[in-house]
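K.L.:
Give me coordinates for this.
(4 chains, ligands or ions: 2)
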Amino acid sequence: MRQVYLDHQAATPLLPEAFEAMRPYFTEHFGNASSLHQAGLRVRDALKKARQQMAALVNAESEEDIFFTSDGTESSNLAIKGVAYANERKGKHLVVSATEHPSVMNSVEFLEKQGWTCTRVPVDAAGLVDPAAVGAAITPQTVLVAVHHVNHDIGAIQKVAEIGRICAEKGVPFYVDCEASAGWLPVDVREFGASLASFSPHRFYGPKGVGVLYRSKKARLVSIIHGGVQEGGRRAGTENIPAIVGAGVAAEVAVEKLPGRMAHAAALQKRLWDGLASRIPYIKLNGPLPGPDRIPTNLNISTEFIEGEGQLLLCDLNGIAVASGSSCVSKSLKISHVLAAIGLDHALAQGNLILTLGDANTLEDMDYVVETFARIVEKLRNMSPMWDEFQRGVIDSVIAPTGRGKSFSQHAADVSGKAIH
Amino acid sequence: MRQVYLDHQAATPLLPEAFEAMRPYFTEHFGNASSLHQAGLRVRDALKKARQQMAALVNAESEEDIFFTSDGTESSNLAIKGVAYANERKGKHLVVSATEHPSVMNSVEFLEKQGWTCTRVPVDAAGLVDPAAVGAAITPQTVLVAVHHVNHDIGAIQKVAEIGRICAEKGVPFYVDCEASAGWLPVDVREFGASLASFSPHRFYGPKGVGVLYRSKKARLVSIIHGGVQEGGRRAGTENIPAIVGAGVAAEVAVEKLPGRMAHAAALQKRLWDGLASRIPYIKLNGPLPGPDRIPTNLNISTEFIEGEGQLLLCDLNGIAVASGSSCVSKSLKISHVLAAIGLDHALAQGNLILTLGDANTLEDMDYVVETFARIVEKLRNMSPMWDEFQRGVIDSVIAPTGRGKSFSQHAADVSGKAIH
Amino acid sequence: MSDTYTLYNPTVMDHFMNPRNMGDLKDADGIGEVGAAACGDIMKISLRIKDGKIEDARFKTFGCGSAIASSSMATELIKGRTIEEAMHFTNQEVVSALGGLPPVKIHCSVLAEEALKAALEDYLHRHPELAAKAPAAEVVAA
Amino acid sequence: MSDTYTLYNPTVMDHFMNPRNMGDLKDADGIGEVGAAACGDIMKISLRIKDGKIEDARFKTFGCGSAIASSSMATELIKGRTIEEAMHFTNQEVVSALGGLPPVKIHCSVLAEEALKAALEDYLHRHPELAAKAPAAEVVAA
Ligand SMILES: Cc1ncc(COP(=O)(O)O)c(C=O)c1O
Ligand SMILES: Cc1ncc(COP(=O)(O)O)c(C=O)c1O
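P.N.:
Residues are numbered from 1 along each chain as shown, chains lettered A, B, ... in the order given. Ligands and ions are numbered 1, 2, ... in the order given. Got it, this is the predicted structure:
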C-alpha cells in the first residue's frame, strides 16, 4: 500500500545528515556543557555553532540572542511568562491573537489567574488578524504582544511585519511564534520587528527534544525553569547537546532548501486541493486561499455530513497520515479553538481534517489521496444519518445551502436536547 | 595520556544499547505520540514501555505515575511549583532542606516572590538533615516537604524514609529529588513514602533531553509548562520519544547492574580517598565518611592553601575530568551553597574539588589520580602565597591547626579590605 | 493487521471497519435519533419489532470510530431481545462486548444505549397499549 | 595542544601552565598582597626597584587560572618600567596582552593591577622622599 505522510505539522523524520552529526555526541562526546574539562569544553563549541546556525535561520543579530529550550511549547511559555514576569512592575496586560497555539493561550490563561489581563484580538473568517486591531488593543499597561507567524491549524500567514512596526512605535515587545513557519517560509526576526520569536527544529526535519527562543537584547526576559545558570541564566538544566547539534544541521539545511521546499509544497498543495474540490461535493477549505496568505504546506478541509475521526482512521488504514481539529479527535472533546475563532459552523468543524505537506510527498501521492479520500467520504456518508437527512431535505448543507431543511446545528440540538458547543 | 573521567555527576556517556534502541525513532519511527495514525500510534507503545521501565527503577505503583519532562531541573520545578500551585488554597508554606539542588532552591525563591513562604531546614557539618527538624518545620499551611535523597555535591544520603513517615503522619506531600542517586543507589518511592520523586536518566548512562517525575496519585499536581494535554495534562509539548526510549533502556540496565555498580564504586572510592589522604597533607573530605551515609560514587575534597579552578584545569590537562564547588568555578563567583550550608571554612570551600565515579573507572585510574593530583597540589602550593605564609606562621591551617598565625579568612579580609563572603 | 497499530482494540476496529447492521430499516417500527452534547455525535437506530421482540435493528452514525463501533455492536446485541429486556440494556454491555473503550470514549456507548432507548420509546409511543406494561426506559449516564 | 579544548585562550593557558616570574624576590623593595572580595583570590607581587625603575618582579597567587595568568603577565609587562609609568598601569594592559579574558574573569586582571600598585605603594612608603614626587596610584575598577 502507498504510504503518504501528511502530518508534517505534528512530526517530521530526522534528516540523515542531522543524525550523523548528532551521533558522536551520545556516547563519545557526552560531556556537560557546564563542565570546565575537555568533555565539557568540547561540547561548548558545538553549542556555539548550533546557536549560529539558528541565528542564521531567522536572521538574528547575534547567536547570543538564541536560547535553547526543550520544545516549541516551552519556548512559548518562556516568551510569554518570561517577559510578563520580567515586566511585572511596568504593567500586567498582554495582547494576543485569538488563534495562537495552546502553548500561548494556556500560558496566558495561567497568568490571568495570577492577576494579569489579556486582550484576545479576533481574526476574520479566513483566520487573519487585523494589525490595526492589535495596535488598538495595546494599552499603557501592555508588556507584550504575541501574534504567531503562521497558524498551526489553518496555515494563515499573519501580517507580522506590520504588527511589528506598530509594536515598535508603541514600544511594546513583540513575540512571534514561528513554530509553524520556520524551515518552510522565510523567517526574519528583524523584518518582523520581533523582540522574541520561537520555533522548534523537529518541525523541519530536526530532532525532537529541543526548541529555540530568539530574544533581542532590547527585551527583558526572566527564566521560568529555575536552577543553574545555563543558557545565559534564561533556561536552567543540562543542555541536550546531541539534539542541539542535530537542530543546527536541520536549520542549515532549511536555509539552503527553503526555496525548493516552498515551490514543491505549493505544487502539491494545488494538486491536492484542486483534486479534492473537484472530486468531492460539500467540501470546504478553511483558512485563506492558497497564495500569499497561506503557507504552502497546509490544507485544512471540512467535509460535510461526516465526522473527522472516522475520516482520519480510514485514511490511516489506507496509508495516509493526517490530523483533525474535530472534537472527537481531541482529548478534551472540544473542536480546535482556531476553528471556533474563524466562526466555522460546528457541523464543519466536526468534519475537519488537517493535511500538512512535506519534502517526500509527490504529485502521485496527492492523486492517491484524492481518490482514496473520495472513497472514504462515500463510505462514511453512507453511514451518516446526516447525509441521508440532507438528501431527504430534513437538514440543509452549510457549504452549499439549498434552502430546504433546518441547519445541522438546529438538528443536533433537537436530537441531543442541548445546543452543541 | 591516561584519561580518567571523574565527573559522572555532570554527565555520563550513553549506553551503546540505549543508543541502538533509540536509533529507529529518529528517522524511521519519527511520529508524534499525540497523532492518531500509524506513525503516532507506534510510538505510543514505546512511550508506555519506557514508563514501565521507569516505574520499575523506582518501584512506582504504576507506570501512570511516571511523567516525562526535559531534564532533572524541569522535574524539580514541576514538583515544587506544580504542587504549590495545585494547593494554593490550602496553604502557601514549603519546607526544604538547606542543601537541595539549585533547581529546587531557585524554584522556591521564585515562589517566595509570589507570596509563598519557605522554611530551609539546616544540615549538620556532614550535610545531614535531622528528620525531626523537618517534622518540626511543618505547619498547617505546609503543602510540600522537599528533601533530596542524595546531595549532588557532597554525596550525603538523607534519611528520606524516616522523613517520609513524618510527612505521611502529618498528611503533607513529600518530594524526594533522586537525581544524584537513581541508577547508583536503590530508590524505592514507596519505602521513601515519596509522593513525588525525580531523576534523570542522563545521570546513569541514559540520553540527555529527558527527565522523569514520579507522582503518586494521592498528590495533586498541576502543569507548569502550559499547552497541549501531553503527559496526562501534566506536561505540554511534543514528547522526546528517542530520548525516552533510550532512558527506558538505561533504567532497565540500572536495575540489573545496581549491586555491581555500587560495589565497584565503593572500592574505587576507598582506594581514591585512602590514596589522597595518605599522600597529600592538609586535605579534607567534605560530607559524611564513606559508608552508609555517603553514596559510593562521590568524593568531595578540599585541599588547603590552593584554589579549585587551578586544580581542575591542571587535572584536565593531565586527562582527569573533575568538578569544583569553588567560587571561581561558578558563573556567579559564589561557592557552592552546599559547602556554605555545612559551614565549611571559606578557605576550604575555595580549594574544593568534586570527584564522581563511574563504571568505566578502574583502581589503576585511582592510583594515577592520586599521584597526578599530588604533583598538581605541589605545583599550586608553590605558587600560592598562602602556602608560603602558612610555612612562615603568618596564617594557620584550618584542617590541622598549629596554633600559629591568623586564620585564612582573617588574612583574606585584611588584604582585600573586606570580609570574604 | 498484525503490523498495524490501532487506536482501538481489534474488536472495535472490526466493528468500525465492517459495521454490522448499517443502514435504515424500511418501515421500521421504532426509530430513535439522539445526539451527544459533549462532542456533537449523532446516532440513529431503527428497530423492527414483532410479538414484543426485536427482530431486526439498523443504525446510522455521524461520529467517531468508537461511536460507529458502539452502534454496530449495540444493534448486534439487541437483536432477538424482548422489549422488556431491551429496556434494561445498558452501555456497559456494549463496552464489554467491544472489549473495552478508551475512557474518553465511553460516552459513545452511552449514545448507543440512548439511541436504542429512543427507538423503543418511539415504538411504545406508537403503541400506547404496550407502553403501560413496559417499564420506563432508564437512561444510564456514564 | 591542537586537540585540547581550553577554557581560556592559548596565551592565558600558557601563562597559567608556565607562569613567568613565579615566586618571591629576596629582599624585595616593595611587596603588595591584595585579595578579591568577589571570589576570595589572593595575589602577591614583589618588586625590585633600582634608580626609579622596576628591575624585577615576582608573583604568588592563590586563585583561578586567569588570576595566575594575570599575575604572570602583569609581572612580565611591568619589568623595566619606571615607577611613574607603573603607576599608570591598568588591568586593561593585562587583558590585552593576554588576548582577552572571559567577562566574569576580568576582575582577575584588576587584582593584578591592585597587587602591583600595592607593591609600589609599599615601596613609596619605604621611601617617603620619593612618594611626594610620584603620582597617587589610581586603582581602576573593571
Ligand atoms: C504554532 C505552534 N506553536 C507552538 C507549538 C508547540 O511546539 P512543540 O510541539 O514543539 O512543543 C506548535 C506545535 O505544533 C505550534 O504549531
Ligand atoms: C540533586 C539534583 N537535582 C537536580 C538536578 C538537575 O538535573 P538536570 O541536570 O538533569 O537538569 C541535578 C543535576 O545535577 C542534581 O544533582
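
K.L.:
In chain C, what residue lies closest to ligand 2?
P.N.:
Here chain C gets closest to ligand 2 at one residue, C:Tyr5, 31.2 Å apart by CB to the nearest ligand atom. (Glycine included, C-beta is placed from N, CA and C.)

K.L.:
Now do the contacts for that residue.
P.N.:
B:Gln38, B:Leu41, B:Arg42, B:Arg44, B:Asp45 (CB atoms under 8 Å, 6 or more residues apart in numbering or on different chains).

K.L.:
What's opposite the residue of chain C at minimum distance from chain A in the beta bridge?
P.N.:
Nearest to chain A in chain C, going by CB to the nearest CB, is C:Gly35, at a distance of 3.0 Å. Beta-bridge partners for C:Gly35, by DSSP bridges, are C:Ile42.

K.L.:
Distance of it relative to B:Ala236?
P.N.:
Going from C:Gly35 to B:Ala236 by CB to CB, to the nearest Å gives 31 Å.

K.L.:
Point out the residues in chain A that sit beside chain D.
P.N.:
A:Leu36, A:Gln38, A:Leu41, A:Arg42, A:Arg44, A:Asp45 (CB under 8 Å from any CB of the partner chain).

K.L.:
could you redo the last one with a cut-off of 6 Å?
P.N.:
By the rule CB under 6 Å from any CB of the partner chain, the part of chain A lying against chain D is A:Leu36, A:Gln38, A:Leu41, A:Arg42.

K.L.:
Pick the one among the residues you listed closest to ligand 2.
P.N.:
A:Leu36 (15.1 Å).

K.L.:
Now do the same contact list for that closest one.
P.N.:
By CB atoms under 6 Å, 6 or more residues apart in numbering or on different chains, the residues touching A:Leu36 are B:Leu312, D:Leu7.

K.L.:
So it belongs to a strand, correct?
P.N.:
No. According to DSSP: H, G, I helix; E, B strand; the rest coil, A:Leu36 belongs to no strand; its state is coil.

K.L.:
out of the residues of chain A next to chain D, which is most surrounded?
P.N.:
A:Leu36 (27 neighbours; other CB atoms under 10 Å in any protein chain shown).

K.L.:
Relative to chain C, how far out is that residue?
P.N.:
According to CB to the nearest CB, to the nearest Å, A:Leu36 and chain C sit 46 Å apart.

K.L.:
so how far is ligand 1 from that residue?
P.N.:
Using CB to the nearest ligand atom, to the nearest Å, A:Leu36 is found at 32 Å from ligand 1.

K.L.:
what's the answer for A:Leu94, then?
P.N.:
The spacing between A:Leu94 and ligand 1, counted by CB to the nearest ligand atom, is 16 Å.

K.L.:
A:Ala251 too?
P.N.:
Going from A:Ala251 to ligand 1 by CB to the nearest ligand atom gives 15 Å.

K.L.:
residues contacting that residue?
P.N.:
Residues near A:Ala251 by CB under 6 Å, 6+ apart: A:Gln53, A:Met54, A:Leu57.

K.L.:
Of these, just say which sits nearest to ligand 1.
P.N.:
Of all these, ligand 1 sits closest to A:Met54, with 14.4 Å by CB to the nearest ligand atom.

K.L.:
phi, psi of A:Ser181?
P.N.:
With angles defined as degrees, to the nearest 10, A:Ser181 sits at phi -120, psi -40.

K.L.:
So A:Asp45: helix, strand or coil?
P.N.:
Assignment for A:Asp45 (three-state DSSP): helix.

K.L.:
That one: neighbour count?
P.N.:
Other residues close to A:Asp45 by other CB under 10 Å number 12.

K.L.:
What would the lengthiest helix in chain C look like as CSV? C-alpha coordinates only.
P.N.:
For chain C, the helix reaching the highest residue count under DSSP state H is reported as helix C:106-126. Once non-C-alpha atoms are left out, helix C:106-126 reads as follows in CSV (Å, rounded to 0.1, in the frame of the first residue of the first chain):
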residue,chain,number,x,y,z
ILE,C,106,-17.3,5.7,27.0
HIS,C,107,-19.9,8.3,26.1
CYS,C,108,-20.1,6.8,22.6
SER,C,109,-21.5,3.6,24.2
VAL,C,110,-23.9,5.7,26.2
LEU,C,111,-25.1,7.3,23.0
ALA,C,112,-25.8,3.8,21.6
GLU,C,113,-27.9,3.0,24.6
GLU,C,114,-29.7,6.3,24.3
ALA,C,115,-30.4,5.7,20.6
LEU,C,116,-31.8,2.3,21.3
LYS,C,117,-34.0,3.5,24.2
ALA,C,118,-35.2,6.4,22.0
ALA,C,119,-36.2,3.9,19.3
LEU,C,120,-38.0,1.8,21.9
GLU,C,121,-39.8,4.9,23.2
ASP,C,122,-40.8,5.7,19.7
TYR,C,123,-42.2,2.2,19.3
LEU,C,124,-44.1,2.4,22.6
HIS,C,125,-45.3,5.9,21.7
ARG,C,126,-46.8,4.3,18.5
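
K.L.:
From the contact counts, what lies against that helix?
P.N.:
If contacts are counted by 3 or more CB pairs under 6 Å, 6 or more residues apart in numbering or on different chains; DSSP states H and E, helix C:106-126 sits against strand C:30-35, strand C:42-50, helix C:65-78, helix C:91-97.

K.L.:
Mind listing residues that contact the last one?
P.N.:
What that stands for is helix C:91-97. Contacts for helix C:91-97 (CB under 6 Å, 6+ apart): C:Ser70, C:Met73, C:Ala74, C:Leu77, C:Leu101, C:Ser109, C:Val110, C:Ala112, C:Glu113.

K.L.:
go with 8 Å
P.N.:
Helix C:91-97 is contacted from outside by C:11, C:70, C:73-74, C:76-77, C:101, C:106, C:109-110, C:112-113, C:140, C:142, using CB under 8 Å, 6+ apart.

K.L.:
picking that back up, can you pull the buried residues of the longest helix of chain C?
P.N.:
C:106-124 (16 or more other CB atoms under 10 Å in any protein chain shown).

K.L.:
angle of it against strand C:30-35?
P.N.:
With axes from the mean of the first three to the mean of the last three CA atoms, to 10 degrees defining the directions, helix C:106-126 sits at 140 degrees from strand C:30-35.

K.L.:
Neighbours of residue 10, how many?
P.N.:
You didn't say which chain, so I picked chain A. If you count neighbours by other CB under 10 Å, A:Ala10 ends up with 26.

K.L.:
looking at chain C here, not the other one
P.N.:
Residues lying near C:Pro10 (other CB under 10 Å) number 11.

K.L.:
That one and C:Ser66, how far apart?
P.N.:
Distance, C:Pro10 to C:Ser66, by CB to CB: 13 Å.
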